[in-house]
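Colleague: Quick one, fold the following:
(chains A and B)
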Protein chains: 2
Amino acid sequence: MTMVSEAVIAALREALGDRAVLSGADIPDRNRQDWSTLSAVLPLAVVRPNDPAGVAAAMRIAAAHGVPVVPQGGLTGLAGGARPIDGAIALSLERLTGIEEIDRDSSTMTVRAGTTLETIQKAAEDAGLYCALDLGARGSCAIGGNVSTNAGGNRVLRYGMAREMVLGLEVVLPDGTLVTSLNKMLKNNAGYDLKQLFIGSEGTLGIITRIVLRLFPRPQCTMAALCGLPSYDAVLALLASARGSLGPLLSAFEVMWPDYWDVATRKVAGVRDPLTSAHPFYVLVEAQGNKDSDIEGFESWLESQVEAEVISDAAVAQSLADVKAFWGTRDAAADFKLILGPHNSYDIGLAVADMDRYAESCRARLARDIPGCVSFFYGHIADGNMHIIACVPDAVPQPYDAIDAIVYDEVRRFHGTVSAEHGIGLKKKPYLPFSRTPEELALMKVIKQALDPNALLNPGKVL
Amino acid sequence: MTMVSEAVIAALREALGDRAVLSGADIPDRNRQDWSTLSAVLPLAVVRPNDPAGVAAAMRIAAAHGVPVVPQGGLTGLAGGARPIDGAIALSLERLTGIEEIDRDSSTMTVRAGTTLETIQKAAEDAGLYCALDLGARGSCAIGGNVSTNAGGNRVLRYGMAREMVLGLEVVLPDGTLVTSLNKMLKNNAGYDLKQLFIGSEGTLGIITRIVLRLFPRPQCTMAALCGLPSYDAVLALLASARGSLGPLLSAFEVMWPDYWDVATRKVAGVRDPLTSAHPFYVLVEAQGNKDSDIEGFESWLESQVEAEVISDAAVAQSLADVKAFWGTRDAAADFKLILGPHNSYDIGLAVADMDRYAESCRARLARDIPGCVSFFYGHIADGNMHIIACVPDAVPQPYDAIDAIVYDEVRRFHGTVSAEHGIGLKKKPYLPFSRTPEELALMKVIKQALDPNALLNPGKVL
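Modeller: Residues are numbered from 1 along each chain as shown, chains lettered A, B, ... in the order given. Have a look, this model is predicted:
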């Protein structure tokens, strides 16, 4: 260990107490990597402050010693944004947890960054309100990570991404300044909207310590159907019809291609196929309503789509258990690793109209150019966001670079984005220029340089 | 005229043609001021490019000569953001107009910055879609100004502010670089979300040239009621009930205090009072539905609130003409100038629960400390946004500074914002520290310095 390393660890222990600073063999495995496919890295130390002032103190000490800092939340990221860096401090928000306030009149919750999303969802529900952010890792992911990566998830169509749910933010800047901006108002045009800088910048500009979340009225009923469709044109027609007829009640529109569907419903434990035959496309459509007539409205809309032959076959949820079971076909994605072993997961974005052409072209190139490569397509199609799972089963090592190259080259060809919701982190950095112009990239660097001139915060991530 | 001034005008004429450059007496009155109460200023020249490349060329020439630039849209701003600066070029987007594309599958519109909001609303409607941004100046304001000031308006409660409706943006930076980022996807996490920098920064960081707007499904029916309520507690109860029962259909919740109501319904031509008696509070509640049962749902919810004595009296719109007439009571605010003469308009933000206490306290202080001062309170209460009209009728000059001091001191006392939707511009600059901490202001200056190191773009505005 260098003298600088020893000095910074000593200073951190002095400021935050021994319990807050772990080094060497004391560093838990969980702090050495995230859910990406990247290998583990031992950081210089893990620092775990239990209040915002402690985060600021740790950052000030790191800055004084010129030691970089990697913020860590629930470590469920798939892009490597929270993966440690050799010689850097991992600043974990795992002890900065808890809900500080729920304000019913303003319909807001003030929460500490390390709190898990599921804890927040439950607290909102207990208060008769609704946290609209939801994603598969809800039980493990931290809200600070959700916000710093601008998480998307299951109900973006209706409620927007994490960005749209944040009203106020507290952050620690790379020089250790604590900027407290815990606005609870829906509208605030008093100068630049600074929180936007920190939402989605993956911990490269500041460390989020507290968040004011916008809560929503709790829906009174949830309607869902699983539909088999004859073509992608029918998928587009169903989406247009759902938007027009269900309006703002439409809360999810998930499309699954047959390759995905077959694995999800036949090989993943506990998932069943509610339809009686096979179809070229499967759509999970969900709406949230406020009165009994919304249920009737949903069902009669669905019938109209069957009559118009847009839908070939549909199963309608009769209970919340059914709704959950239908979502099981989508959540099954998380269990593909049990069947396929290690694989890459993608979160590309495209124009809605291009999705099927992309899937066809990408699937064909992967199969042709990478022997044994399998790929599975599904996702939040109404948001323009497709997920892909791809690998060569049993191959060691996996040809991740070759798969990436094809997946992202096709994204470039279709003018899409290499990340719709997971972020860039380390894994997509080489492909960022596929989706951003040189002028955009130069401007991002101007921002990074202005806020973090000494490259102390999550260096080498995103840019 | 200085040599620099002559040289820059000659260079602009050379690059953009004579028709695009006006100077001296040729400068129209409209380009000399905005809708704020600030006096007119003659700019060095008015430049009116008719394409994004022309905007970039003009900015490059101004930068090369060190001459500042003030972007101008529809000039309907109330904060002085587009008011010319002596010796600076006014860069007007008035010839950069037109809708470039409506994409039905993506539900987006690509539009040039000088296009009026009303033109956009009509084009969306013609395409069977809906532009959710709406505000009183719709016929005159330009979408570029709406976005650069992050306009709010009538339906923020349901659809969000201008910020939430922008998917892509093209801007010219202070050095003349054109950054084209015309994203049409709902989700795009490929690096920093640069558009957020330019939305709401009032032309101090870049000049918006083109915008991709998110469009929404067109509502099938609009329900509205004007209600008299017995107390502010009843207003809060009605809001909570509306949120819970109407859910995402709730599109507006406007509150008017009796002082405002009396002038609006008795003195403004063409506005009538649909209620039969006087009340302590008046609420215009609007919902947008998708089926007939939504109308029944709205009416039965309203009845339940009358039965619960939350509402004392209500008029329910029976037609779109009624809906329009009800909104007339709110739009009447624009005609207060015909009755009161010159006055100040405010757009403060507060916690919803504090609104009436604020109104009482502010009204009392204004009446006590400024002889003859009258004040009128109304606004988008569900958004935490209150408007105030205040003046001393017939006084010349108006004691604007004294009124500002009281209005904003009360905002500070209630931890509110000095601008919920109009922006800071010049008029609210002295009061920005009432709503932002020194750390927030310092960070805003870091951003301004990074993007516009030579203070060429709208200098002296906001910060």
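
Colleague: what's the pLDDT at A:I381?
Modeller: On the pLDDT scale, A:I381 is placed at 93.

Colleague: Secondary structure element for A:A242, which one?
Modeller: Using DSSP states H and E, A:A242 maps to helix A:232-246.

Colleague: Could you identify the helix or strand that succeeds that helix?
Modeller: Per DSSP H and E, the first helix or strand lying C-terminal to helix A:232-246 is strand A:250-256.

Colleague: Could I have the CA atoms of that following strand written out in PDB?
Modeller: C-alpha atoms of strand A:250-256 as PDB (Å, rounded to 0.1, in the frame of the first residue of the first chain):
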ATOM      1  CA  LEU A 250     -52.400   2.300 -20.100                       C
ATOM      2  CA  SER A 251     -49.500   1.400 -17.800                       C
ATOM      3  CA  ALA A 252     -47.500  -1.300 -19.600                       C
ATOM      4  CA  PHE A 253     -47.200  -2.700 -23.100                       C
ATOM      5  CA  GLU A 254     -44.600  -5.500 -23.200                       C
ATOM      6  CA  VAL A 255     -43.800  -7.500 -26.300                       C
ATOM      7  CA  MET A 256     -42.100 -10.900 -26.300                       C
END
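
Colleague: What strands flank it, and is each parallel or antiparallel?
Modeller: strand A:281-289 (antiparallel), strand A:374-380 (antiparallel) (DSSP bridges).

Colleague: Dump these into CSV; add mean neighbour count as well.
Modeller: Where you see a C-beta, it was placed from the backbone N, CA and C, and this is true even at glycine. Listed next are those as CSV, based on neighbours: other C-beta atoms under 10 Å in any protein chain shown:
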stretch, mean neighbour count
strand A:281-289, 25
strand A:374-380, 24
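
Colleague: could those strands go into CSV alongside distance to A:D322?
Modeller: Shown next, in CSV, are the strands paired with strand A:250-256 (distance: least, C-beta to C-beta, whole Å):
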stretch, distance to A:D322
strand A:281-289, 11
strand A:374-380, 20
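
Colleague: quick one, which of the ones you listed is nearest to A:G206?
Modeller: Nearest of those to A:G206, taken as C-beta to C-beta: strand A:374-380 at 28.0 Å.

Colleague: C-terminal to the closest one, which secondary structure element comes first?
Modeller: Next element after strand A:374-380 (DSSP H and E): strand A:385-391.

Colleague: what about that following strand and chain B, any contact?
Modeller: Yes. Using C-beta under 8 Å from any C-beta of the partner chain, strand A:385-391 reaches chain B at A:N385.

Colleague: Give the other helices and strands that the helix or strand following that strand contacts.
Modeller: Under the assignment DSSP H and E, the closest C-terminal helix or strand after strand A:385-391 is helix A:400-413. Counting contacts by 3 or more C-beta pairs under 8 Å, 6 or more residues apart in numbering or on different chains; DSSP states H and E, helix A:400-413 is packed against strand A:344-349, helix A:355-369, strand A:385-391.

Colleague: right, and these - which one's nearest A:Q220?
Modeller: strand A:385-391 (27.8 Å).

Colleague: so what strands line up beside that closest one?
Modeller: Strand A:385-391 is paired, per DSSP bridges, with strand A:344-349 (antiparallel), strand A:374-380 (antiparallel).

Colleague: tell me the centre residue of chain A?
Modeller: A:A151 (3.6 Å; C-alpha atoms, centre = their mean).

Colleague: Please tell me how far that residue sits from A:E421.
Modeller: According to C-beta to C-beta, to the nearest Å, A:A151 and A:E421 sit 6 Å apart.

Colleague: try A:D34
Modeller: 15 Å.

Colleague: same question, A:D354
Modeller: 18 Å.

Colleague: Neighbour count: these two, which is higher?
Modeller: Taking neighbours as other C-beta atoms under 10 Å in any protein chain shown, A:D354 and A:E421 compare with A:E421 leading, 27 against 19.

Colleague: How about the secondary structure of the more buried one?
Modeller: coil (DSSP: H, G, I helix; E, B strand; the rest coil).

Colleague: what do you get for A:L169?
Modeller: Once three-state DSSP is applied, A:L169 turns out strand.

Colleague: neighbours around it, how many?
Modeller: Neighbour number of A:L169 under other C-beta under 10 Å is 26.

Colleague: what residues are up against it?
Modeller: The neighbours of A:L169, taking C-beta atoms under 8 Å, 6 or more residues apart in numbering or on different chains as the test, are A:V147, A:S181, A:L182, A:L194, A:K195, A:F198, A:I199, A:I208, A:R210, A:I211, A:V212.
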